[in-house]
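1. Structure here, sequence nowhere to be found:
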């Protein structure tokens, strides 16, 4: 069933909806963080202790870059009575570009990723009272090579950072990478964690629990995924490339698209979902603290080599179907599926609709091979082998009046 069915529109051209939404999921009541959510994208929650949750809010008029700003850092706090207070903009942690918190490197040091103005990369901020003061940039070799929707989290203990993005060795779209701390201000080049976790689709928003060795992440291509769902994989060796077969986290996955999770305690979580919105992420949690249903047994994944997409042309039909396509703001969700064919390869199928009124949208497709760009109309046939053999490194779906969406 397509993800855009049975959703509550979160923003429209006529009005903004104020809400405190709840719904039933596996007989457990899930509620929005009413004080924290907005009609915009509220994503990438990071719990930093002291009853404080940081998150990224996109396209809000109070962002430093205004309504076109792709994400500033905001903060909400949990009161003693359990209520989530009204979100506060943290201009001291933001730029006019895309910003998200990776979490605490240590109790007094926060790591933040910036792509705006004079700041690009990962930066340290030092805590002084209730304020965060800019400290310095840290060096992560090869970080600038990660493109797409970059997300990530520093693991507890501050020695490892997990990042997701599209690298030169990605299997498809965003993959998950790991970087290790080598000095107070330097980190190793991010390493792809392998095909047990990464697929030709999108793997995003990694959260690694050092105690259990379990990696929580979002994917739209693993078994049973509908759009993006949360999955759990367990580290099975001493290196960072040996993982169990990922298991879908049924307790928090829904008909919406789940992208990120943070643990407040071992029994309390906050995550993002588009279940109740028009492609915009909400911050959700369980109304009451309940036992988390996390798999206890993990099976070693079958080894699969990570090969660049241009080196192999599988005999498969690839359908790229937007789930929440382009709207006036926000990022569309994309579902990619593959089915084997017995003989020849079939053209890639394209289907683009407006998320609000569900009507077809005229579009074109463009791709880059090196410095060269080609544009195709909707009627043109495109084969995956054509893209692979041309060493294509980017494919975009473009529609007038909408943000373009990179799908490969």
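-> Perfect, thanks for sending it. Small disclaimer: the values here were computed from a predicted structure and weren't measured.

2. so residue 406 bridges to which residues?
-> residue 396 (DSSP bridges).

3. tell me the contacts of it?
-> 148, 173, 394, 395, 396 (Cβ atoms under 8 Å, 6 or more residues apart in numbering). (C-beta placed from N, C-alpha, C; glycine too.)

4. Could you report the pLDDT at it?
-> Confidence at residue 406, expressed as pLDDT, is 70.

5. any idea how far it lies from residue 365?
-> 11 Å (Cβ to Cβ, to the nearest Å).

6. rewinding a little: which of the contacts of residue 406 are buried? Put it as a ChimeraX command.
-> Under the burial definition 16 or more other Cβ atoms under 10 Å, those of the contacts of residue 406 that qualify are selected in ChimeraX by:
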select :148,173,394,395,396
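
7. which neighbours do residue 406 and residue 365 share?
-> Shared contacts of residue 406 and residue 365 (Cβ under 8 Å, 6+ apart): 395, 396.

8. quick one: buried residues of stretch 253-270?
-> Residues of stretch 253-270 classed as buried: 253-264, 268-270 (neighbour count, 16+ other Cβ under 10 Å).

9. quick one: average pLDDT of it?
-> Here the average pLDDT along stretch 253-270 is 90.

10. First-to-last residue distance for that stretch?
-> 12 Å (Cα to Cα, to the nearest Å).

11. Please shift the residue numbers so they start at 520 in all later answers.
-> In the new numbering, first residue 520, that becomes stretch 772-789.

12. list the helices and strands the host helix or strand of residue 804 packs on?
-> In the assignment (DSSP states H and E), residue 804 maps to strand 801-805. With contacts taken as 3 or more Cβ pairs under 8 Å, 6 or more residues apart in numbering; DSSP states H and E, strand 801-805 sits against strand 547-551, strand 560-566, strand 787-792.

13. Now the element after the helix or strand that contains residue 696, going C-ward?
-> For residue 696, the host element (DSSP H and E) is strand 694-702. Later in the chain than strand 694-702, the nearest helix or strand by DSSP H and E is strand 705-706.

14. Sheet partners, orientation included, of that next one?
-> Strand pairing for strand 705-706, using DSSP bridges, gives strand 658-659 (parallel), strand 694-702 (antiparallel).

15. how much distance is there from the shortest one to the middle of the chain?
-> Right, the one you point to is strand 658-659. 22 Å (Cα atoms, centre = their mean, to the nearest Å).

16. pLDDT of it, averaged?
-> 96.

17. hmm, back to that, just send the contacts of residue 925 back as a markdown table, with distance to residue 626 and pLDDT too.
-> Putting those into a markdown table (distance: Cβ to Cβ, whole Å; pLDDT from 0 to 100) gives the following:
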| residue | distance to residue 626 | pLDDT |
| --- | --- | --- |
| 667 | 32 | 88 |
| 692 | 35 | 88 |
| 913 | 41 | 70 |
| 914 | 44 | 73 |
| 915 | 43 | 75 |
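
18. residues in contact with residue 681?
-> 671, 672, 674, 695, 696, 697, 712, 725, 726, 727, 734.

19. Against residue 570, how distant is residue 805?
-> Using Cβ to Cβ, residue 805 is found at 17 Å from residue 570.

20. Now do the phi/psi pair for residue 587.
-> Here is the backbone geometry of residue 587 (degrees, to the nearest 10): phi -90, psi 0.

21. How much space separates it from residue 733?
-> The value you get for residue 587 to residue 733, if Cβ to Cβ is used, is 37 Å.
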